[in-house]
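Colleague: pasting the sequence and the predicted coordinates here, then a few questions.
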Amino acid sequence: MRVLIIMTTTMEISGITMSVMNYYRYMDKNDMSIDFIAPNVVPKRIRDEIELNNGKIFELLMRRRNPIKYFNTMRKIISEGKYDIVHAHGNSCTLALEMLAARLEAVKVRIAHSRNTTCVHRLIHKLLRPIFDTSYTDGFACGVEAGKWLFRRNKFTVIKNGNDIDKFAFNQKTRQEYREKYKLNGKKVIGHVGYFNYQKNHEFLIEVFNDLVKINPEYVLLLVGDGSLKEDIKSKVKKLGLENQVIFIGKSLEVERLVQAMDIMVLPSRYEGLPNVVVEWQIACLPCLVSDKVTKEVKLTDLVEFMPLEAGSKEWANKINKIKLIDRNLIKDSIVKQITRAGYNVKENAKELKKLYIELTN
């Protein structure tokens, strides 16, 4: 079986990529060949893993700059690769490009995979709707709301954002090590993992934290990730005089270790599909306060609470300050069982996806 996975968002150390790579990592590839198309230069760590499994990566940097050239190059890759399945990940009807290219090259199984509940370019999304609807054969989505957004009333299959539970499960030794590394002992650590963009709403998070330290100056904020708005957020932190209490980690290959050092996770996103990070945070037994714009499907345990953005930063700060810290050692076994029962163990998810691939090609 030959599979081509197309990433329409940058393939880097981020939520969607890590979700895709989790599946790739645990899927039995003995009778499969899996290649990738990415709209960026792929980080060495990801490239090495794919090439070690005899996969190819095609870096097509012209998707936005030159969509016609992108489309024609993609058609050539699909034609020469003789793929059984083209599986494209995105969040809008711009997936019509990938699906139409696969359709014109007579690929039998053309999967559009919805990764969010809205998009930035709404007009283009609307204009491409007719082409999109007639070009894909199968709809996948990270959650029900993401599926409804892209496929409307048409049929789709939810493919859960499974995680490596052993990797993120609470570890007291790692917690102590990383709290010492970042001088966090005696502090209450608020955490956030995500790309610095409009969707993730870091500006509001900083306003919440500013109100929080007025209640209790012992709080520290750890921000993991990179992105186009990072420098703007750094400027806001400096303006508010919070430089000594906000730590910018940047991109990290140690997210599963960093979250062990944290105490409470906050996600004030303006919109989301089904954020993989909130699943990871729950596996690590962390209380999570997330905006009510995030799909309720992400609540796999009682660790997650929702709050409207309209409540304002002061109310968010008061809510965070009232969250009681818990003995994560006491609940970790129970949490792992709940996550597994909910169907978010990627080792099992990968088996199910391969089975689905086989059924679709047959």
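Modeller: Perfect, thanks for sending it.
Colleague: any weak-confidence spans in this protein?
Modeller: Low-confidence segments of the chain, defined by pLDDT under 70: none present.
Colleague: how is it carved up into domains?
Modeller: For the chain, automatic domain parsing gives the domain ranges 2-162+345-361, 165-341.
Colleague: mind putting these in JSON lines, mean neighbour count included?
Modeller: All C-beta spots, glycine's among them, are computed from the backbone N, C-alpha and C. As requested, the domains of the chain are exported to JSON lines (neighbours: other C-beta atoms under 10 Å):
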{"stretch": "domain 2-162+345-361", "mean neighbour count": "18"}
{"stretch": "domain 165-341", "mean neighbour count": "18"}
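Colleague: now find how far off-centre stretch 205-225 is within its chain.
Modeller: Relative to its parent chain, stretch 205-225 has a centroid offset of 23 Å by C-alpha atoms, centre = their mean, to the nearest Å.
Colleague: which residues of the stretch 151-300 of the chain fall in strands?
Modeller: If DSSP state E, counting those that start in this stretch is used as the criterion, the strands of the stretch 151-300 of the chain fall at 157-158, 188-193, 219-224, 246-250, 264-267, 288-291.
Colleague: C-terminal to the helix or strand containing N329, what's the next element?
Modeller: Taking DSSP states H and E as the criterion, the element that holds N329 is helix 328-341. Reading on from helix 328-341 to the C-terminus, the next helix or strand found by DSSP H and E is helix 346-361.
Colleague: send me that next one as PDB with only the CA atoms.
Modeller: Listed next in PDB are the C-alpha coordinates belonging to helix 346-361 (Å, rounded to 0.1, in the frame of the first residue of the first chain):
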ATOM      1  CA  VAL A 346      -2.100   6.300  20.000                       C
ATOM      2  CA  LYS A 347      -0.800   2.700  20.000                       C
ATOM      3  CA  GLU A 348      -4.300   1.400  19.600                       C
ATOM      4  CA  ASN A 349      -5.400   4.400  17.400                       C
ATOM      5  CA  ALA A 350      -2.600   3.600  14.900                       C
ATOM      6  CA  LYS A 351      -3.800   0.000  14.500                       C
ATOM      7  CA  GLU A 352      -7.400   1.300  13.800                       C
ATOM      8  CA  LEU A 353      -6.200   3.900  11.200                       C
ATOM      9  CA  LYS A 354      -4.200   1.200   9.300                       C
ATOM     10  CA  LYS A 355      -7.300  -1.100   9.400                       C
ATOM     11  CA  LEU A 356      -9.300   1.800   8.000                       C
ATOM     12  CA  TYR A 357      -6.800   2.400   5.200                       C
ATOM     13  CA  ILE A 358      -7.100  -1.300   4.200                       C
ATOM     14  CA  GLU A 359     -10.800  -1.200   4.200                       C
ATOM     15  CA  LEU A 360     -11.000   1.900   2.100                       C
ATOM     16  CA  THR A 361      -8.500   0.600  -0.500                       C
END
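Colleague: by contact count, what packs against that helix?
Modeller: In terms of contacts (3 or more C-beta pairs under 8 Å, 6 or more residues apart in numbering; DSSP states H and E), helix 346-361 is packed against helix 15-26, strand 85-90, strand 109-114.
Colleague: ok, now with 7 Å
Modeller: For helix 346-361, the helices and strands in contact under the criterion 3 or more C-beta pairs under 7 Å, 6 or more residues apart in numbering; DSSP states H and E are helix 15-26, strand 85-90.
Colleague: just tell me which of those ends up closest to G343.
Modeller: helix 15-26 (13.5 Å; C-beta to C-beta).
Colleague: now the helix or strand just after the closest one and helix 15-26, what's the angle there?
Modeller: Secondary structure here is assigned by DSSP H and E; on that basis, the next helix or strand after helix 15-26 toward the C-terminus is strand 33-38. In terms of direction (axes from the mean of the first three to the mean of the last three C-alpha atoms, to 10 degrees), strand 33-38 departs from helix 15-26 by 170 degrees.
Colleague: partner strands of strand 33-38 and their direction?
Modeller: Applying DSSP bridges, strand 33-38 is found paired with strand 2-7 (parallel), strand 57-59 (parallel).
Colleague: of these, which is nearest Y178?
Modeller: With C-beta to C-beta as the measure, strand 2-7 is the member of the strands paired with strand 33-38 nearest Y178 (30.1 Å).
Colleague: can you tell me what sits against that closest one?
Modeller: With C-beta atoms under 7 Å, 6 or more residues apart in numbering as the test, strand 2-7 has contacts from 17, 20, 32-39, 78, 81-89, 98, 357.
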